[in-house]
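Chemist: can you look at this prediction? I've put the sequence above it.
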Amino acid sequence: MRLLTHNMLSSNVKGVTNGFPLGIEVEKVVEKQVELSADFLINIFSKIEWKALVDASRAVGYAELPDQADASMLDSDEFLRKFHHALLELHLEEGALLCPETGRRFPVNKGIPNMLLHEDEV
Amino acid sequence: MDSVAIFCTGALLACGFYWFFWILGPAEQKGKRAVDLSGGSISAEKVQDNYKQYWSFFRSPKEIEKAEKVPDFVDTFYNLVTDIYEWGWGQSFHFSPSIRGKSHRDATRLHEEMAVDLIGAKVGDRILDVGCGVGGPMRAIAAHSRANVVGITINEYQVNRARQHNKKACLDSLCEVVCGNFLQMSFADNSFDGAYSIEATCHAPKLEEVYAEIFRVLKPGSLYVSYEWVTTDKYRADNPEHVEIIQGIERGDALPGLRSYSDIAETARKVGFEIVKERDLAKPPALPWWTRLKMGRIAYWRNHILVTVLAALGIAPKGTVDVHEMLFKTADYLTRGGDTGIFTPMHMVLCRKPDSPPSSSPADY
């Protein structure tokens, strides 16, 4: 599961008011190189919750992203490279996502997060 | 006949059988093989029991009191049928209008690409596939638009298959799959630039619930397109043959209750969508979507023989034969639905989530 996807996921357990962002419990992270597309990054930048991305990338062991970012930084190749790497090349293969309010674990196996709720959580 | 002639005849027959069963059998050359048929996440010994439970649950679909049990049974259904679908039909678990001169595969792909053209997906967009199956449409759509597609499906087995297929197709940079229930999606509000569902929302006991969820996760101004399974204006509830056909379709496809075409736009508006376009894609000049089912009669018989032999040998789980037969009978109901014109699997509705009211400022977010 890429951090791009993590940036959209939130806990919808009954009673939770703010389930975003989900914490990350790491067991296995894999890096997979993927071709950089500046168009894609520029388009998607405004849609990304930046702080959640920075925290998530640190959780999986990548600390190169700046704490804050604005659109002018997209002119820098260096920044694009780091943004691209964090967003698309780091995969959480095994581990879990954690609800920020209840601590509920959503397991991640073979790169797939299982977000199915149990009967009593709906 | 002398022994050389007998040997040659035998060899020819053997090659013929091999070609007919093994080469023609699978829907895709490098796809699922008959010896790999399983009950999805259900272990081999439990397949038959699960099938019996599934069948008794869906016997009277309109009387289903335990609507909350439906997701479990939809999950069971897809454990039972995913491998057979992949083997016999392909990776896209839906229908498409036939196109003269084009193969089923191409017709399928064009039908899928049209969905994404309708919502205008482009590079950098995040698109949601609601009920993504093993990801056939997802891959075609990601490849065509170069948008990022996230698929959600309730069935763990399908999620794993989807992921494997994505990797094999080298599309795992654009495609992601999440295991979840589309009635309670774990996506934050306003996260997607577009969404589509191809013949999947029919599994929701209440269409309003899944439409409301899709509405929630879409950004204001974004589009959602759905290809819905519905009864048409030709359907008469007081016609026993019509009722029999529709119930046959519901039972064999894990549907809690087919909706009427007129319910779709009404439900979409109820949750807040504006209707941009609405059309039954099966109506002329489109060529019939059910010819593929009809032409597959010989294929079904061949596959039935194959599956029976494999189950007898203990290679395919016991119960696979029952499931395959159920699907065969269901195919017949679907064909009749097409022939009578009372049913369509591709009632297209294109919806738009209205832009935010001017009072909410994006800068506050």
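Modeler: Looks like it arrived, so ask away.
Chemist: so where do the helices sit in the stretch 201-350 of chain B?
Modeler: B:207-217, B:240-252, B:261-270, B:291-295, B:297-312, B:320-340 (DSSP state H, counting those that start in this stretch).
Chemist: save those helices as a markdown table, and put in distance to residue A:43 and mean neighbour count too.
Modeler: Bear in mind the C-beta positions are built from the backbone N, C-alpha and C, glycine included. Output for the helices of the stretch 201-350 of chain B, formatted as a markdown table (distance: least, Cβ to Cβ, whole Å; neighbours: other Cβ atoms under 10 Å in any protein chain shown):
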| stretch | distance to residue A:43 | mean neighbour count |
| --- | --- | --- |
| helix B:207-217 | 19 | 21 |
| helix B:240-252 | 41 | 18 |
| helix B:261-270 | 27 | 17 |
| helix B:291-295 | 38 | 16 |
| helix B:297-312 | 44 | 16 |
| helix B:320-340 | 41 | 19 |
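Chemist: to residue B:135, which of those helices lies closest?
Modeler: Judged by Cβ to Cβ, the one of these that comes nearest to residue B:135 is helix B:207-217, at 18.5 Å.
Chemist: any residues touching that closest one, and which ones?
Modeler: Residues outside helix B:207-217 that contact it (Cβ atoms under 8 Å, 6 or more residues apart in numbering or on different chains): B:128, B:130, B:182-185, B:187-192, B:195, B:197, B:201, B:204, B:224, B:259, B:263-264, B:267-268, B:270-273, B:353.
Chemist: and it, average pLDDT?
Modeler: Mean pLDDT, helix B:207-217: 97.
Chemist: alpha carbons only: can I get that helix in CSV?
Modeler: Backbone C-alpha positions of helix B:207-217 (Å, rounded to 0.1, in the frame of the first residue of the first chain) are rendered in CSV as follows:
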residue,chain,number,x,y,z
LEU,B,207,-28.9,1.6,-3.1
GLU,B,208,-29.2,4.8,-1.1
GLU,B,209,-26.6,3.6,1.3
VAL,B,210,-23.9,3.0,-1.2
TYR,B,211,-24.8,6.1,-3.2
ALA,B,212,-24.5,8.2,0.0
GLU,B,213,-21.1,6.8,0.7
ILE,B,214,-19.9,7.5,-2.8
PHE,B,215,-21.3,11.1,-2.5
ARG,B,216,-19.4,11.5,0.7
VAL,B,217,-16.0,10.5,-0.5
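Chemist: report how many residues lie close to residue 55.
Modeler: Picking chain A for this. Here the number of neighbours of residue A:55 (other Cβ atoms under 10 Å in any protein chain shown) works out to 17.
Chemist: wrong one, I was asking about chain B
Modeler: 14.
Chemist: that one is in what secondary structure piece?
Modeler: Element membership of residue B:55, judged by DSSP states H and E, is helix B:47-57.
Chemist: buried set for that helix?
Modeler: When burial is assessed from 16 or more other Cβ atoms under 10 Å in any protein chain shown, helix B:47-57 yields the following buried residues: B:47-48, B:50-51, B:54, B:57.
Chemist: which of the helices of the stretch 201-350 of chain B has the lowest average pLDDT?
Modeler: helix B:291-295 (a mean of 77).
Chemist: who does it touch, helix- and strand-wise?
Modeler: Applying 3 or more Cβ pairs under 8 Å, 6 or more residues apart in numbering or on different chains; DSSP states H and E, we find helix B:291-295 packed against helix B:320-340.
Chemist: and which of the buried residues of helix B:47-57 is nearest residue A:121?
Modeler: After measuring the buried residues of helix B:47-57 against residue A:121 - Cβ to Cβ - the closest member comes out as residue B:57, at 23.1 Å.
Chemist: how close does the closest one sit to residue B:255?
Modeler: Distance of residue B:57 to residue B:255, computed by Cβ to Cβ, to the nearest Å: 12 Å.
Chemist: over to residue B:273?
Modeler: Distance, residue B:273 to residue B:255, by Cβ to Cβ: 22 Å.
Chemist: now do the phi/psi pair for the residue in chain A positioned nearest to chain B.
Modeler: In chain A, the residue that lies nearest chain B is residue A:43 (2.4 Å; Cβ to the nearest Cβ). Per-residue torsions, residue A:43: phi -60, psi -40 (degrees, to the nearest 10).
Chemist: where along chain A do the helices fall?
Modeler: Listed in chain order, the helices of chain A (DSSP state H) span A:3-6, A:38-45, A:50-59, A:77-84.
Chemist: what is the mean pLDDT for the helix holding residue B:55?
Modeler: In the prediction, helix B:47-57 has an average pLDDT of 81.
Chemist: again, but for stretch A:70-77
Modeler: Mean predicted lDDT for stretch A:70-77 stands at 93.
Chemist: and it, end to end?
Modeler: By Cα to Cα, to the nearest Å, the extent of stretch A:70-77 from end to end equals 14 Å.
Chemist: cool, stretch B:116-131 as well?
Modeler: Stretch B:116-131 has an end-to-end distance of 15 Å (criterion: Cα to Cα).
Chemist: and that stretch, does that touch chain A?
Modeler: Yes - judged by Cβ under 8 Å from any Cβ of the partner chain, stretch B:116-131 comes into contact with chain A at B:122-126.
Chemist: what does the model give residue 17 for pLDDT?
Modeler: Let's take chain A. 90.
Chemist: I was after chain B.
Modeler: For residue B:17, the predicted pLDDT is 76.
Chemist: so what secondary structure elements neighbour the longest strand seen in chain B?
Modeler: As assigned by DSSP state E, the longest strand anywhere in chain B is strand B:218-231. Applying 3+ Cβ pairs under 8 Å, 6+ apart, one finds that strand B:218-231 makes contact with helix B:104-119, strand B:192-198, strand B:259-260, helix B:261-270, strand B:343-352.
Chemist: so which bits of stretch B:88-102 are buried?
Modeler: B:88-98.
Chemist: for stretch B:114-125, same thing?
Modeler: By 16+ other Cβ under 10 Å, the buried positions in stretch B:114-125 come out as B:114-116, B:118-119, B:121-122, B:124-125.
Chemist: tell me the one of the residues you listed nearest chain A?
Modeler: For the buried residues of stretch B:114-125, the nearest to chain A is residue B:124 (2.4 Å; Cβ to the nearest Cβ).
Chemist: what separation is there between the closest one and residue A:93?
Modeler: 25 Å.
Chemist: same check, this time on residue B:78
Modeler: 24 Å.
Chemist: those two: who's more crowded?
Modeler: residue B:78 (23 against 16).
Chemist: tell me which element the more buried one falls in.
Modeler: Per DSSP H and E: helix B:70-88 holds residue B:78.
Chemist: what about the closest residue to residue B:102 other than its chain neighbours, distance to residue B:104?
Modeler: Excluding its sequence neighbours, the residue lying closest to residue B:102 (Cβ to Cβ, 6 or more residues apart in numbering or on different chains) is residue B:110, at 7.3 Å. Separation of residue B:110 from residue B:104 (Cβ to Cβ): 11 Å.
Chemist: and the helix-or-strand element of chain A with minimal mean pLDDT, how far from the chain's centre?
Modeler: Lowest by mean pLDDT, DSSP states H and E among the helices and strands of chain A is helix A:38-45, with a mean of 90. With Cα atoms, centre = their mean, to the nearest Å as the basis, helix A:38-45 stands 16 Å off its chain's centre.
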